[in-house]
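> make a model of this:
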Amino acid sequence: MSKILIIHTGGTIGMTRTADGYKPDGVYFKDAIFHMDSLKAETMPKWDFMEIDPLLDSSRMSVKEWNKIGKLVADNYENYDGFVILHGTDTMAYTASALSFMFKGLKKPVVLTGSQIPLCEVRSDGRDNLITSMLIAGEGKVKEVCIYFGSLLLRGNRATKYSATGMRAFESPNYPILASAGTSVQYNESAFLEQKDIPFEFLPFKDVPIGMIKIFPGFRFDLFETLLTEKLKGVVVETFGSGNIPDDKGVLVPILKKAKEKGVVFAVCSQCPQAKVDMDTYEAGSTLKKAGAISGKDMTSEAAVTKLYYLFSICDDVMQIKEAMEKDLRGELS
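Residues are numbered from 1 along each chain as shown. Have a look, this model is predicted:
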């Protein structure tokens, strides 16, 4: 029988009501799952339980917590057949993307899940999300970082949060689902990440300065110049469509050239969830390319941000980082 490790990081699934709203409650949650009859069934994998301290609303996650979660998995990698990470939905896609880059040569399931309604409430979706995630982690078919939520299993670095209230909170707009759960779990094995014959390695992130900018009509590019400091390492720019920007009135190219001289990497993603950046398609996007920006292709913004963290953590050569941003490393882009 397989054995998995449940890692509780916080989030709605383990919260209880307080005078100030829902708040993580480790004592309640631990008692609740240890007394949940479903988790003791013969068909369930054996499991152990850990939690990070302090438990966090996922809006408060940072590089420090990503590294802490990653290290827990790495330290226990040889002792378990799979891992379930309980996490808040707000930044779950960021954490899943970050872990996908941190784990090189991963050959076990790492499944992130949570809920829209706390486990303490009658209508909680947390029970099914937790139970199915455990079964998927125990079965061991999907050997990558995933998100299971609302009956869908998605590649972690292809997922993005779609709904703050719906039970299907996540979508994978540019990549097929890995599995769907009805009366049984139906796997889409053709979408699984190709396994490479390399040893497992944990690569923690450095807390490098990374930024994100969302372009909008009338965007003042000249104001953006004040953000370019010697400390800034990378920026994800969310543009229109396939990489288009509004009229920059001739100020953007000098700004980007200045940033290039400082070693700042600009990765262009789309504001459209289902899109692929091609800065050659329209004249409005070619300005970015000519100034040295690189295409994020069909990566989610979550994947692009965490990929920049990863690359700047393992490499100092800006040209190598730019080349790697446009290459598929963990199934994050087509």
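> give me phi/psi at the residue lying closest to Y77 once chain neighbours are set aside?
Nearest non-adjacent residue to Y77, counting by Cβ to Cβ, 6 or more residues apart in numbering: F200, 5.9 Å away. (Glycine included, C-beta is placed from N, CA and C.) Phi and psi for F200, reported as degrees, to the nearest 10, are phi -70, psi 140.
> just give me the neighbour total for L228.
Around L228 there are 17 other residues, counting by other Cβ atoms under 10 Å.
> and what of D75?
The burial count for D75: 11, using other Cβ under 10 Å.
> ok, now which ones touch it?
With contact set as Cβ atoms under 8 Å, 6 or more residues apart in numbering, D75 has no partners.
> list the contacts for the residue nearest to Y77?
74, 77, 103-107.
> now tabulate the residues you listed in CSV and tack on neighbour count, pLDDT and distance to L119.
As requested, the contacts of F200 are arranged in CSV below (neighbours: other Cβ atoms under 10 Å; pLDDT from 0 to 100; distance: Cβ to Cβ, whole Å):
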residue, neighbour count, pLDDT, distance to L119
A74, 17, 98, 27
Y77, 18, 98, 27
F103, 22, 98, 28
K104, 17, 97, 34
G105, 13, 97, 34
L106, 23, 98, 28
K107, 15, 97, 31
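> how close does the residue nearest to M167 when sequence neighbours are not counted sit to E238?
What sits nearest to M167 in space, not counting adjacent residues and going by Cβ to Cβ, 6+ apart, is G150, at 4.6 Å. Applying Cβ to Cβ, to the nearest Å, the value for G150 to E238 is 25 Å.
> and L223, by the same measure?
16 Å.
> start to end distance for stretch 253-273?
Stretch 253-273 has an end-to-end distance of 27 Å (criterion: Cα to Cα, to the nearest Å).
> do stretch 106-125 as well
End to end - Cα to Cα - stretch 106-125 spans 29 Å.
> over to stretch 287-300?
OK, stretch 287-300 end separation, Cα to Cα: 22 Å.
> list the buried ones in it?
287-289, 291-300 (16 or more other Cβ atoms under 10 Å).
> just give me the closest of these to G156.
Closest approach between those and G156, by Cβ to Cβ: T300, at 10.1 Å.
> mind checking how far the closest one is from R168?
Taken as Cβ to Cβ, the span from T300 to R168 is 17 Å.
> do Y77 as well
Y77 is 30 Å from R168, by Cβ to Cβ.
> tabulate the buried residues of stretch 287-300 (a markdown table), appending distance to L193, secondary structure and pLDDT.
What follows is the buried residues of stretch 287-300, written out as a markdown table (distance: Cβ to Cβ, whole Å; DSSP: H, G, I helix; E, B strand; the rest coil; pLDDT from 0 to 100):
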| residue | distance to L193 | secondary structure | pLDDT |
| --- | --- | --- | --- |
| T287 | 35 | helix | 76 |
| L288 | 30 | helix | 80 |
| K289 | 29 | helix | 81 |
| A291 | 34 | coil | 77 |
| G292 | 31 | coil | 82 |
| A293 | 28 | coil | 88 |
| I294 | 23 | strand | 92 |
| S295 | 22 | strand | 93 |
| G296 | 19 | coil | 95 |
| K297 | 17 | coil | 95 |
| D298 | 16 | coil | 96 |
| M299 | 15 | coil | 97 |
| T300 | 16 | coil | 97 |
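> between those residues, which is nearest V27?
Nearest member of the buried residues of stretch 287-300 to V27, counting by Cβ to Cβ, is T300, at 35.2 Å.
> which residues touch that closest one?
93, 97, 157-160, 173-174, 269, 273, 332.
> same question, S190
Taking Cβ under 8 Å, 6+ apart as the test, what S190 contacts is P176.
> using the three-state scheme, assign it.
helix (DSSP: H, G, I helix; E, B strand; the rest coil).
> look at it and report its pLDDT.
S190 carries a pLDDT value of 97.
> tell me which residues touch Y77, please.
With Cβ under 8 Å, 6+ apart, Y77 has these contacts: 108, 200, 202.
> and those residues, which is closest to D20?
Using Cβ to Cβ, those come closest to D20 at F202, 36.3 Å.
> that closest one reaches F101, doesn't it?
No. F202 is beyond contact range of F101, at 10.8 Å (criterion: Cβ atoms under 8 Å).
> which one of the two is surrounded by more residues?
For F202 versus F101, the count of surrounding residues by other Cβ under 10 Å is larger for F101: 26 against 17.
> what is the host helix or strand of that one packed up against?
In this assignment (DSSP states H and E), F101 forms part of helix 92-102. When contacts are defined as 3 or more Cβ pairs under 8 Å, 6 or more residues apart in numbering; DSSP states H and E, helix 92-102 packs onto helix 63-75, strand 110-113, strand 145-149, strand 160-161, helix 301-314.
> chain center to it, what's the gap?
From the chain centre to the centre of helix 92-102 is a distance of 4 Å (Cα atoms, centre = their mean, to the nearest Å).
> need the contact partners of the next helix or strand along the chain from it.
Counting by DSSP H and E, the next helix or strand C-terminal to helix 92-102 is strand 103-104. With Cβ under 8 Å, 6+ apart as the test, strand 103-104 has contacts from 70, 73-74, 110, 145, 198, 200-203.
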